[in-house]
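A.B. asks: Give me coordinates for this.
(2 chains)
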Amino acid sequence: GNSVTQMEGPVTLSEEAFLTINCTYTATGYPSLFWYVQYPGEGLQLLLKATKADDKGSNKGFEATYRKETTSFHLEKGSVQVSDSAVYFCARSRGGADGLTFGKGTHLIIQP
Amino acid sequence: EPEVTQTPSHQVTQMGQEVILRCVPISNHLYFYWYRQILGQKVEFLVSFYNNEISEKSEIFDDQFSVERPDGSNFTLKIRSTKLEDSAMYFCASRPPPRLAGGTGELFFGEGSRLTVL
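C.D. replies: So this is what the prediction gives:
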């Protein structure tokens, strides 16, 4: 089936630290992969995406590379800021018109 | 920039009452979705809707739920006889025709409607 597994949170880092949030997906078909971010009290916003193997999505200093061999799409940022504090959701397309399957979300807390 | 809008932002209701959550998807989108997020938990798929009918629904989407596109712009989720465990944030999403978005499957989400059942 379609599933996404991401690391449990909360993840607490100091400002300017390096961030990795792991995400793996089930290898059913050839999904598109996404990271969505949810800031406190807000909805889901697309952070970045990748549609095929070896694609790298990037936005706001965040990057993730579609790794077919390891079925992974880990989110990275070289130097996090307090404003990056949010919940991050990894997601994969479900095929056809049927939307996305989300991971459980990782709560990221950046301390000054 | 076009966006998905949802109303109400927050609704409080008594157990057993009916609730209708409303969404206005982006105007040239053809696929519509409802997702649910119980506080602090994962975002769960409820239902997808295309060409005026449900294309897929999850096991959560039982007979107490229904969706409708009554007038070509609104997309509603009705919950009949609400239960305490229906308390959650409900997100509407829409998606353009594949040819307009490169076929990526990206969804555009609204800000959500928080439902509190007492």
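A.B. asks: quick check, distance from stretch A:2-18 to the centre of its chain.
C.D. replies: The chain centroid and the centroid of stretch A:2-18 are separated by 9 Å, computed with Cα atoms, centre = their mean, to the nearest Å.
A.B. asks: Now do the end-to-end distance for it.
C.D. replies: End-to-end distance for stretch A:2-18: 30 Å, by Cα to Cα, to the nearest Å.
A.B. asks: Now that stretch: buried residues?
C.D. replies: A:Asn2, A:Val4, A:Gln6, A:Met7, A:Val11, A:Leu13 (16 or more other Cβ atoms under 10 Å in any protein chain shown). Quick note: C-beta positions are derived from backbone N, CA and C, even for glycine.
A.B. asks: Confirm for me that the last one is in contact with A:Val80.
C.D. replies: Yes. Applying Cβ atoms under 8 Å as the test, A:Leu13 and A:Val80 come out as touching, 5.7 Å apart.
A.B. asks: can you list the residues of chain B near chain A?
C.D. replies: B:31, B:33, B:35, B:41-45, B:48, B:50, B:55-56, B:91, B:93, B:95, B:102-112 (Cβ under 8 Å from any Cβ of the partner chain).
A.B. asks: now those residues: which count as buried?
C.D. replies: Judged by 16+ other Cβ under 10 Å, buried ones among the residues of chain B next to chain A: B:31, B:33, B:35, B:42-45, B:48, B:50, B:55-56, B:91, B:93, B:95, B:104-112.
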